[in-house]
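S.K.: quick one, fold the following:
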Amino acid sequence: MGDNMSEINALKQYLNKKFAIKDFGTLKYFLGIEMAHSHRVFFLNQRKYVMDLLHEAKMTDCKPACTPLDNNLKLKTHDDHIPNLSYYQRMVGKLIYLTITRPDISYVVRLVSQFMHSLSMDHLKIVHRVLRYLKGSIGRGIIMRNNSHIHISGYIDADWAGILSIASLLLDSICLWEAT
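M.R.: Down below sits the predicted model:
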């Protein structure tokens, strides 16, 4: 990826000598990730992947949720274990892959992935809540812009009281990175 066509062509010729390659032109879809671009913007999303996930979970007609997690959630261990453990594990695994282009679900996916072998119906309800959230935000993804500079900006929305040690560690590492 770049804007120097002579360098790109030289790399293609070099790779073609070492391996049997084909140039299919501009990349539009790869490993479930859709890519769209213009001169200054590159957009990644997994819309089709989400649609397939909703279809597999039989939730294509579900009511969308505004957030991936209920903010009043009090997760506790119950004895009402779900009968199909592999279904839960498969759904969580697919949600983990989806965090590539949907960092907004990373926290809740991390939360549900902690209960892969000891879970209850509450955990499955959280997974279904994430799927309902994805239904309402299916076109979201990651936008990368050509800003003509190399500054990286990151934004987080965190419960500072609940994860104060992680937040301070993150801020310390950002400050160290900016200093170097």
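
S.K.: tell me where this structure has helices.
M.R.: 5-18, 47-56, 85-98, 106-113, 121-136, 164-179 (DSSP state H).

S.K.: can you pull the contacts of residue 116?
M.R.: Contact analysis of residue 116 by C-beta atoms under 8 Å, 6 or more residues apart in numbering lists 88, 89, 92. All C-beta atoms are positioned from the backbone trio N, CA, C, and that covers glycine.

S.K.: so residue 8 sits against residue 2, correct?
M.R.: Yes. Residue 8 lies in contact with residue 2 (C-beta atoms under 8 Å); the separation is 5.9 Å.

S.K.: so the two - more neighbours on which side?
M.R.: Between residue 8 and residue 2, counted using other C-beta atoms under 10 Å, residue 8 has the larger neighbour count: 13 against 7.

S.K.: contacting residues for the more buried one?
M.R.: Residue 8 neighbours (C-beta under 8 Å, 6+ apart): residue 2.

S.K.: hmm, back to that, tell me which of the helices of the chain is the most buried.
M.R.: Of all the helices of the chain, helix 121-136 carries the top mean neighbour count, a mean of 19, counting by mean count of other C-beta atoms under 10 Å.

S.K.: JSON lines for the contacts of residue 116, including distance to residue 35 and pLDDT?
M.R.: Below are those laid out as JSON lines (distance: C-beta to C-beta, whole Å; pLDDT from 0 to 100):
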{"residue": "88", "distance to residue 35": "31", "pLDDT": "87"}
{"residue": "89", "distance to residue 35": "29", "pLDDT": "88"}
{"residue": "92", "distance to residue 35": "25", "pLDDT": "92"}
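
S.K.: now those in JSON lines, with distance to residue 15?
M.R.: Compiled in JSON lines, these are given as follows (distance: C-beta to C-beta, whole Å):
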{"residue": "88", "distance to residue 15": "42"}
{"residue": "89", "distance to residue 15": "38"}
{"residue": "92", "distance to residue 15": "37"}
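
S.K.: just to revisit the earlier point, of all the helices of the chain, which lies closest to residue 40?
M.R.: helix 5-18 (17.7 Å; C-beta to C-beta).

S.K.: any low-confidence regions in the protein?
M.R.: Along the chain, segments meeting pLDDT under 70 span 1, 75-82, 153-180.

S.K.: centre-most residue in it?
M.R.: residue 99 (1.6 Å; C-alpha atoms, centre = their mean).

S.K.: that residue contacts residue 109, correct?
M.R.: Yes. Assessed by C-beta under 8 Å, residue 99 is found in contact with residue 109 at 5.7 Å.

S.K.: thinking again about what came up before, how far away is the residue nearest to the residue nearest to the centre of the chain when sequence neighbours are not counted from residue 96?
M.R.: Spatial nearest neighbour of residue 99, excluding adjacent residues (C-beta to C-beta, 6 or more residues apart in numbering): residue 106 at 4.8 Å. Separation of residue 106 from residue 96 (C-beta to C-beta, to the nearest Å) stands at 9 Å.
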